[in-house]
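K.L.:
got a predicted model here, sequence first, then my questions.
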Amino acid sequence: MDKQIEEPIVDKTSLGYKIYELRENRNVGQKELARLLHVSISTISNYENNVHQPALRTLIKIADYFNVSVDYLLNRTNYQYPMSYLEQPLIDDYTCSDVLNTVIQLSKPSRINLMEQLDMLSLRDKTTRISTSTNAKNKPKKN
């Protein structure tokens, strides 16, 4: 009878996993992160394996380094970016938070319609980017 090796259960919502995932996605080694935070590599490993939790100041440094919010690291939100992004202008005098506040006040059917419109615009932008890059590749080069 073959014994199956069981994979460890990974809590993808844990602080340790979030740190690991951000580090891996940005190609940052444990050594580099340890140097930035002024801790040992084993401390980074302990954070990622949920053996220890970083102190508040260290948590803020991690959030700042990876340009995410502390709330994201602590799994209080799926919104990954710092809260300051909400106050950045999108167009003219509208910030992200202005748009978000307007969307929240819409009726459910209007929010559904808005999402359909956003999906359509996103698809159009994607198609435009693809056709633009394809046209650029197929253009004859000038001598």
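P.N.:
Structure's in. What do you need?

K.L.:
show me which helix runs longest in this protein.
P.N.:
helix 108-138 (DSSP state H).

K.L.:
tell me the pLDDT of Glu21.
P.N.:
Glu21 carries a pLDDT value of 95.

K.L.:
next one: it from Leu15, what distance?
P.N.:
Using Cβ to Cβ, to the nearest Å, Glu21 is found at 11 Å from Leu15. Bear in mind the C-beta positions are built from the backbone N, C-alpha and C, glycine included.

K.L.:
quick one, domains of this structure?
P.N.:
15-83, 86-136 (automatic domain parsing).

K.L.:
as a markdown table, these with mean neighbour count would be great.
P.N.:
Output for these, formatted as a markdown table (neighbours: other Cβ atoms under 10 Å):
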| stretch | mean neighbour count |
| --- | --- |
| domain 15-83 | 16 |
| domain 86-136 | 10 |
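
K.L.:
could you list the single helix or strand in this protein with the lowest mean pLDDT?
P.N.:
When the helices and strands of the chain are scored by mean pLDDT, DSSP states H and E, helix 108-138 comes last with a mean of 85.

K.L.:
next, Pro89: phi, psi?
P.N.:
phi -70, psi 140 (degrees, to the nearest 10).
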